[in-house]
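K.L.:
The sequence and its predicted three-dimensional model are supplied below.
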Amino acid sequence: RRCIAYLTIEHKGHIDREFRAAMGNRIFGCDDCLAVCPWNKFAEAARETRLAMRDDLRLTPLAELAELDDPAFRQRFAGTPVKRTGRDRFVRNVACAIGNSGDAALAPVVERLTMDSSPLVRGIAVWAARQLLDVEAFERLKSDRAPRERDDSVAQEWDA
């Protein structure tokens, strides 16, 4: 189960550390296999307009996607395949992309996500915070949040 599309769409648990960096900025699916397939050089672009990406979803900032609660997630992705992933797994993927972004300006976003109601989101948010914060800032965050963590998998992320 090393497929990025599988990890971002189907996988219901925490994303193993070994795959997080490879996910890059992908938050729903991956077309790398299609892009490198030699048979696809014969393919033609789809003409079906319903398959085209919606303009309102094309360039949404990661910070905005990370802040979605369940009702906002359902409303935003109504009528799309993304909705089937569910809010928690989607925001998990967004937090992973934020951690891979290298953009320290997004650190406050993942700091907030370390208090999310979902352990899936909190766990990857801890990893993302570790990627974006300097050691001292991460240790301050850890000393504040880790003692209150009740989920074993998230506690392990704090201690990784």
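P.N.:
Good, I have the coordinates.

K.L.:
Can you find the helix or strand in the chain with the smallest mean pLDDT?
P.N.:
helix 55-58 (a mean of 66; mean pLDDT, DSSP states H and E).

K.L.:
So what touches whatever helix or strand comes next after that helix?
P.N.:
Downstream of helix 55-58, the first helix or strand assigned by DSSP states H and E is helix 62-66. Residues from elsewhere that reach helix 62-66 (CB atoms under 8 Å, 6 or more residues apart in numbering): 25, 27, 90-91, 94-95, 97-98, 101, 106, 109-110, 112-113. Just so you know, the C-beta spots here come from the backbone N, C-alpha and C atoms, and that holds for glycine as well.

K.L.:
With stretch 132-149 instead?
P.N.:
So stretch 132-149 is contacted by 98-99, 101-104, 106-107, 110-111, 114-115, 122, 129-130, 155, 158-159 (CB under 8 Å, 6+ apart).

K.L.:
So which residue is dead centre in the protein?
P.N.:
residue 93 (1.4 Å; CA atoms, centre = their mean).

K.L.:
I'd assumed residue 24 was in contact with it.
P.N.:
No: Residue 93 is beyond contact range of residue 24, at 10.9 Å (criterion: CB atoms under 8 Å).

K.L.:
Point out where the protein drops to low pLDDT.
P.N.:
By pLDDT under 70, the weakly predicted segments of the chain are 1, 34, 36, 40, 48-58.
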